[in-house]
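Asker: Everything below, folded, please.
(one chain, ligands or ions: 1)
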Amino acid sequence: MLRDAYPEFIELSSAGKSVEGRDLLVISLGTGDRRILLCGAHHAREYITSSFLMKMVEAYAEKASKGQPFGDFRPAELLGRVTLVVVPMVNTDGVNLVNNGFKAVSSQEEVEAMTMVGSGYRAWKANINGVDLNRQYPAYWEEKYDDVKRPASQNYKGSASATEPEVQAMMALARSDDFVLSASFHTKGEVIFWADSGTVNAINGAKDIAVRMGELTGYELMPVSEKPSAFGAGFENWFRQEFLRPAFCIELTPEDGTDEPHDDTEFDSLVWEKVKYIGLFLAEEALKR
Ligand SMILES: [Zn+2]
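Answerer: Numbers count the residues shown, from 1 in each chain. The predicted structure is shown next:
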């Protein structure tokens, strides 16, 4: 529908398939030569990040098609120079479990046998193989905590790096093009992770972008992540290591003391009003690099 509404700005493709065979939707927004990669919902219960990326695409496309500004940004001009490559939902099967319940899962016996770390299926983070997709990438994977040693609702890093099809698809997508920078969206904390000790000295300008992104959103900057056991194997850490370019992990939404998803009806105040310009901001940053 989005593509039909804005065919001059939007192209759809698939990065690959999930464990249960769902397409990993890729939305390319814009026609510019410079490209940035944005992704959401590596963690199932954080699917409000998918809602955010979808709404972002729609809002920017609408403003661009009308030639209207959006805040201080000019979407039509920016999208003519930068393409936002967006994967709204990396963990489609996990999000299906969180939203549609256990009965909607294909391999119910396997899922039932997995370790439940959180409060229930609404709090599921892993993919449907019980592997935490943001502990899977081949960047200090060996050093990453392995506190959970078998398939589980969260925190199991897998038997090796990059065993999961969703991770393989994201790696292939990232390598398929020349992305100037990347951002991966998670929830709870309203903070920005912008560097880790593995690559902080090899990537110029990331802190400067992070500082201004903090001013734009009101989010706090985290210190440089020091321990590979903590930061290892995340998408953003792998992207930095692989390409020596900025990659941000952005935790949307305030901490609310639960491990369950936020109330979707609060999307505008929890998410949108704070971060609606972030994609255009990152596009502008890409033009400076
Ligand atoms: Zn997360």
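
Asker: where does the stretch 101-250 of the chain have low pLDDT?
Answerer: Within the stretch 101-250 of the chain, no range satisfies pLDDT under 70.

Asker: Can you give me the neighbour number for the closest residue to the ion within it?
Answerer: In the stretch 101-250 of the chain, the residue that lies nearest the ion is H186 (3.3 Å; C-beta to the ion). For the C-beta atoms, the positions are set from N, CA and C on the backbone; glycine is no exception. By other C-beta atoms under 10 Å, 23 other residues sit near H186.

Asker: Can you tell me the element the residue located most distally from the centre of the chain falls in?
Answerer: Ranked by distance from the centre of the chain (C-alpha atoms, centre = their mean), the top residue is E109, with 28.9 Å. For E109, the host element (DSSP states H and E) is helix 108-113.

Asker: contacting residues around the next helix or strand after that helix?
Answerer: Under the assignment DSSP H and E, the closest C-terminal helix or strand after helix 108-113 is helix 165-175. Helix 165-175 is contacted by residues 15-19, 24, 26, 37, 39, 85, 87, 90-92, 127, 133, 136-137, 161-162, 182, 235, 238-239, 242-243 when judged by C-beta atoms under 8 Å, 6 or more residues apart in numbering.

Asker: wait, what's in contact with M222?
Answerer: 191-194.

Asker: how close does L12 get to the ion?
Answerer: 25 Å (C-beta to the ion, to the nearest Å).

Asker: Tell me the secondary structure of that residue, please.
Answerer: Here L12 is recorded as strand under DSSP: H, G, I helix; E, B strand; the rest coil.

Asker: Could you report the neighbour count for it?
Answerer: Counted with other C-beta under 10 Å, L12 comes out at 11.

Asker: Now rank the contacts of M222 by neighbours and give me the top one.
Answerer: W194 leads the contacts of M222 on contacts (other C-beta under 10 Å) with 28 neighbours.
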